[in-house]
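Engineer: The amino acid sequence is not available; the structure is as follows:
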């Protein structure tokens, strides 16, 4: 699970950390590294620290632990709740090592599959449960499928 | 120092001052406790009339872990206007919280089984609650576009229903001869909105229980 912008209003930052732990975290499963991060720049008044570019670069830098990475965040870099000054460095890291399988995010509420920054990085916008939809993403052999499920 | 810095400094100072004033209001009232000695014929003196009609001490109920309040009764005790200062110690919320609330209580039903006891089975109240602290903003900070949040974490309104017992002592004292206890179920507009837009929100998340004692003038 990854933190969303409305989780952080008022004293939500403390409550969130108490309940769910760090905003930025990662784990490796098989040959894949899953990187979760806070990209809700507006809630921190665009202070230049969200998203944490240094942390992201370290996490995504190639290592023996993983071959491909999946990056999960709430606010996509092209949204105006994302710090526009950090959009370029963020996307640069996403594409620099040619090891990101896809990025997935929410915030825009409707399902979407697109290539906003070129063919290397597909973006999956997962729908809001209010749309009575969710997605199942299956990863295998450095490829993946996206199924949109209605309920 | 640019204008923004000066303004934010000014805001911090204003907030500190407000907090200070809220505290002073409560600290000053015990001074009047010696009004206990006011003789009967002074009950119409200006000092006595402006003395709060009652003091309240409340546990929980959405306005603080504990709260102290003062207030006045109107229309033969059918309407109360109370002002509370509430406090949440940091071991419940990671940081101390201070807040004030203004409450309006209608008391339409009154049962008097004897001349010492009163029971108000269904008081209905409305309150405005103001929490101090920069993260509990009232005006939307300027890094949000207009109407980004329609609600303000620093100021919320709510409703409660309440039951109350009063008891008069047999005493020759002029003052503090009546006490009361009350229990109330409290919710807020923002909680009701959450419940309305998401029915799976559990009731215990939108209602809280408060218990209190009242000491009458």
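Structural biologist: Done, it's in. All values derive from a computational prediction rather than experimental measurement. Residues are numbered from 1 along each chain as shown, chains lettered A, B, ... in the order given.

Engineer: what's the distance between the residue most central in space within chain B and residue B:103?
Structural biologist: Ranked by distance to the mean C-alpha position of chain B (CA atoms, centre = their mean), the top residue is residue B:84 at 3.2 Å. Noted for residue B:84: a distance of 7 Å to residue B:103, by CB to CB, to the nearest Å. Where you see a C-beta, it was placed from the backbone N, CA and C, and this is true even at glycine.

Engineer: thinking again about what came up before, identify the residue nearest the residue nearest to the centre of chain B in space, chain neighbours excluded?
Structural biologist: In this structure, residue B:84 finds its nearest non-sequential neighbour in residue B:69, 3.9 Å apart by CB to CB, 6 or more residues apart in numbering or on different chains.

Engineer: Break down chain B into its strands, ranges please.
Structural biologist: B:54-60, B:66-74, B:79-88, B:97-106, B:111-114, B:117-131, B:155-168, B:178-188, B:208-216 (DSSP state E).

Engineer: Mean pLDDT for these - can I get that in TSV?
Structural biologist: Shown next, in TSV, are the strands of chain B (pLDDT from 0 to 100):
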stretch	mean pLDDT
strand B:54-60	95
strand B:66-74	95
strand B:79-88	96
strand B:97-106	96
strand B:111-114	95
strand B:117-131	97
strand B:155-168	97
strand B:178-188	97
strand B:208-216	96
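
Engineer: Those residues of chain B touching chain A, which are they?
Structural biologist: Contacts of chain B with chain A, taken as CB under 8 Å from any CB of the partner chain, map to B:93-95, B:135-137, B:141, B:143-145, B:148-149, B:153.

Engineer: hmm, which of those residues are the buried ones?
Structural biologist: For the residues of chain B next to chain A, a neighbour count by 16 or more other CB atoms under 10 Å in any protein chain shown gives the buried set as B:135, B:136, B:137, B:153.

Engineer: Where does the residue in chain A positioned nearest to chain B sit: helix, strand or coil?
Structural biologist: Chain A approaches chain B most closely through residue A:10 (3.6 Å), counting by CB to the nearest CB. Secondary structure assignment for residue A:10 (DSSP: H, G, I helix; E, B strand; the rest coil): coil.

Engineer: so which one among the buried ones among the residues of chain B next to chain A has the lowest pLDDT?
Structural biologist: In this model, the minimum pLDDT among those belongs to residue B:135 (87).

Engineer: Next, find the distance separating that one from residue B:21.
Structural biologist: 21 Å.

Engineer: what's the distance between residue B:76 and chain A?
Structural biologist: 41 Å (CB to the nearest CB, to the nearest Å).

Engineer: per-residue confidence at that residue?
Structural biologist: At residue B:76, pLDDT is 93.

Engineer: Same check on residue B:203?
Structural biologist: In this model, residue B:203 carries a pLDDT of 95.

Engineer: so how far is residue B:212 from it?
Structural biologist: Counting by CB to CB - residue B:203 and residue B:212 are separated by 22 Å.

Engineer: so does stretch A:15-29 get close to chain B?
Structural biologist: Yes - applying CB under 8 Å from any CB, one finds stretch A:15-29 touching chain B at residue A:18.

Engineer: for that stretch, how far is the first residue from the last?
Structural biologist: The first residue of stretch A:15-29 is 28 Å away from its last residue (CA to CA, to the nearest Å).

Engineer: Now that stretch: average pLDDT?
Structural biologist: 95.

Engineer: Please compute how far that stretch lies from its chain's middle.
Structural biologist: 13 Å (CA atoms, centre = their mean, to the nearest Å).

Engineer: Please apply the same query to stretch A:134-149.
Structural biologist: With CA atoms, centre = their mean, you get 16 Å for stretch A:134-149.

Engineer: Mind listing residues that contact stretch B:108-128?
Structural biologist: Stretch B:108-128 is touched from outside by B:63, B:77-78, B:80, B:101-107, B:155-170, B:180, B:182, B:184, with contacts defined as CB atoms under 8 Å, 6 or more residues apart in numbering or on different chains.
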